[in-house]
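Colleague: please find the sequence and the predicted model below.
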Amino acid sequence: MISEQFFNHQLLDIVFESANYGTVIVDRNGKIQYMSNQYCEFLEVNREDVIGEYVANLIENTRMHLVVQTGQSEMADLQFLRGSFVIANRIPIIENKEIIGAIGTILFRDLHDWKEMNNNIKELLARNNLYHPEDEPTSGINYTIHDLKGNSNAIIELKERIKRVAEGDISILVRGESGTGKEIIAQSIHQLSSRSQKPFVSVNCGAIPEPLIESELFGYEEGAFTGAKKGGKIGKFQLADGGTLFLDEIGDMPQRMQVKMLRVLQEGEVEPVGSLQSQKVDVRIVAATNRPLERMIENREFREDLFYRINAVQLMVPPLRDRTEDIPILVQHFLEKITSRIGKRVQCVQEDVLALFQRYNWPGNIRELENILNASVHLSSDSLIEMTDLPDYLTKETRGIQKKTLKEIVEETEKKAIERALKNCQYDRNKAAMMLGIGNSTIYEKIKKYQLIE
Ligand SMILES: Nc1ncnc2c1ncn2[C@@H]1O[C@H](COP(=O)(O)OP(=O)(O)OP(=O)(O)O)[C@@H](O)[C@H]1O
């Protein structure tokens with residue numbers, strides 16, 4: 001336990017608020033015990049809310065929870081936080097040879113200085129050929145466990161399980177319907193692991209045409225086949241070396257590739273197409289699927305040996321319809337996200353809308369909820385969302401049985417939002433695009449697709 005004097009926040013405030021630092025102190029379990037006002041302001045969080053919070057839930061790309069385990073100081077580390085770099089120091093607090101916590105500081109002066117410093121750092125790195133914006137942000141991740149919203153028991157337990165299994169190198173299979181947050185979970189696992197400073201590389205196994213999948217995953221040598229790029233191409237496995245490889249839609253991986261994948265996972269070596277030499281790689285695998293892999297094994301569509309290799313730990317993400325108690329929090333979260341993006345003040349949904357949300361089946365899960373709110377915010381003329389702002393299918397469907405596919409539902413919502421925006425902007429396409437927060441070329445494409453203007 002950290003001794004009493006550490007909890008004298010007043011004293012700590014006097015020391016830390018005069019410096020151009022954000023300061024955070026955690027106990028040996030990585031739970032926040034102190035956070036300076038400046039740090040709270042920077043993160044836009046309430047000071048009272050952060051005490052006791054697991055640090056990795058609150059601060060993107062932090063390593064404080066790891067420092068209390070390793071006992072190793074980390075000085076002048078570049079941390080990607082809130083869209084830019086800060087300089088972070090993390091020092092373990094040791095009492096009687098025991099790690100009892102850690103103190104972390106991030107350096108900034110005011111927002112302007114800090115932005116300037118951040119640009120200088122990026123420039124310096126770029127000059128030394130070390131910084132590639134395309135590899136940003138944060139080694140390929142844009143979500144942390146903090147982004148997984150919900151207060152249902154299912155989500156609280158899931159988050160606890162994620163924290164427990166993230167640290168090791170064990171393979172994890174994330175299962176759940178489409179739109180339930182499997183990608184957020186994969187990124188959270190990476191961010192909480194000791195690989196967090198290394199790349200997170202994502203591959204959608206269902207989206208790559210079969211003939212290309214091998215070269216995408218393992219890379220190829222120059223001249224490996226007609227059309228091969230000069231100098232060859234580095235594969236996703238090599239890109240993820242030291243980090244995490246996220247194999248999304250693993251159930252869609254062609255059978256021929258499943259054999260090769262198993263070999264790579266067993267041997268820790270990949271052979272680029274056209275190369276005779278194999279390369280050692282150290283990657284942690286997180287896979288995701290919404291397909292019934294066990295049934296696919298019975299039907300010989302998925303290899304049993306690969307299943308056991310990727311399935312050391314399984315995380316099940318329940319569909320939204322089974323955790324409707326999460327809906328109010330999710331609604332609030334998305335409303336804040338959407339309104340801060342488009343600058344419109346829509347603060348809540350009417351009670352009957354919330355009741356309808358609780359009854360609905362949510363085939364597209366949280367992605368569908370986000371899409372509906374997005375369209376409704378655009379349509380609403382008030383500071384709250386009413387039944388008339390909702391897509392027609394939703395009000396009809398909650399009375400009957402879900403008949404439309406998710407694609408049809410999303411298209412219907414999108415068409416309605418564009419129609420309304422065009423009308424509000426006297427059919428000025430560019431203005432309507434701006435209002436909807438989409439590019440000009442996108443709106444032209446959509447107008448054509450939905451035949452909205454003669
Ligand atoms: N618990 C959650 N809290 C906040 N946002 C969420 C949550 N779950 C999902 N989302 C949001 O829903 C959308 C879909 O999430 P994500 O892509 O992770 O789902 P998925 O399960 O990987 O879907 P798919 O199987 O179709 O790839 C994203 O915009 C994500 O931010």
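Modeller: Structure's in. What do you need? On a predicted model such as this, the values are computed, not experimentally measured, just so you know.

Colleague: please identify the helix or strand for the closest residue to K446 other than its chain neighbours.
Modeller: Computed as CB to CB, 6 or more residues apart in numbering, the closest residue to K446 that is not its neighbour in sequence is I418, at 5.5 Å. (Each C-beta comes from the backbone N, C-alpha and C, glycine too.) In this assignment (DSSP states H and E), I418 forms part of helix 406-424.

Colleague: anything in that helix near the ligand?
Modeller: No: counting by CB under 6 Å from any ligand atom, the ligand has no neighbours in helix 406-424; the shortest distance is 9.4 Å.

Colleague: kindly report the same for stretch 354-374.
Modeller: Yes: interface with the ligand: stretch 354-374 contributes I366, R367, E370 (CB under 6 Å from any ligand atom).

Colleague: pretty sure K236 sits against L217.
Modeller: Yes: using CB atoms under 8 Å as the test, K236 is close enough to L217 to be in contact (5.3 Å).

Colleague: list residues touching both of those two?
Modeller: Taking CB atoms under 8 Å, 6 or more residues apart in numbering as the contact rule, the neighbours common to K236 and L217 are V203.

Colleague: neighbour-wise, which of those two wins?
Modeller: Neighbour totals were compared for K236 and L217, and L217 leads with 25 against 22 (other CB atoms under 10 Å).

Colleague: helix or strand: which one has that one?
Modeller: helix 210-218.

Colleague: could I get the buried residue list for that helix?
Modeller: Of the residues in helix 210-218, those scored as buried under the neighbour-count criterion (16 or more other CB atoms under 10 Å) are I213, E214, S215, E216, L217, F218.

Colleague: quick check: the fourth one vs I342, distance?
Modeller: Look at E216 and I342: by CB to CB, to the nearest Å, they are 36 Å apart.

Colleague: before we move on, what about the first one?
Modeller: Here I213 is placed at a distance of 38 Å from I342 (CB to CB).

Colleague: just K149 next, same as before
Modeller: K149 sits 20 Å away from I342, going by CB to CB.

Colleague: what's the answer for E74, then?
Modeller: Between E74 and I342 the distance is 39 Å, computed by CB to CB.

Colleague: residue in the stretch 101-250 of the chain with the shortest distance to the ligand?
Modeller: Per CB to the nearest ligand atom, G181 is where the stretch 101-250 of the chain lies closest to the ligand, at 2.6 Å.

Colleague: what is the neighbour count of that residue?
Modeller: What G181 shows, counting by other CB under 10 Å, is a neighbour count of 22.

Colleague: go on, the one 4 residues further on?
Modeller: Burial of I185, expressed as a neighbour count using other CB under 10 Å, amounts to 27.

Colleague: regarding E157, what is its secondary structure?
Modeller: Three-state secondary structure (criterion: DSSP: H, G, I helix; E, B strand; the rest coil) places E157 in helix.

Colleague: burial measure for it, as a count.
Modeller: E157 is flanked by 10 other residues according to other CB under 10 Å.

Colleague: what residue ranges in the chain score low on pLDDT?
Modeller: Along the chain, the model assigns pLDDT under 70 to residues 1-9, 11, 14-20, 83-84, 108-139, 224, 226-228, 397-404, 454.

Colleague: kindly list the longest strand within it.
Modeller: Under DSSP state E, the strand in the chain containing the largest number of residues is strand 84-95.

Colleague: buried residues in the following helix or strand past that strand?
Modeller: With elements assigned by DSSP H and E, the helix or strand that comes after strand 84-95 is strand 98-107. Applying a neighbour-count criterion of 16+ other CB under 10 Å, one finds I99, I100, G101, A102, I103, G104, T105, I106, L107 buried in strand 98-107.

Colleague: centre of the chain to the longest strand of the chain, how far?
Modeller: Centroid separation between strand 84-95 and its chain, computed with CA atoms, centre = their mean, to the nearest Å, is 24 Å.

Colleague: got it, and stretch 308-328?
Modeller: Averaged C-alpha coordinates place stretch 308-328 at 16 Å from its chain's average position (CA atoms, centre = their mean).

Colleague: may I see the buried residues of that stretch?
Modeller: Along stretch 308-328, these residues count as buried under the neighbour rule (16+ other CB under 10 Å): R309, I310, V313, L315, V317, P318, P319, L320, R323, D326, I327.
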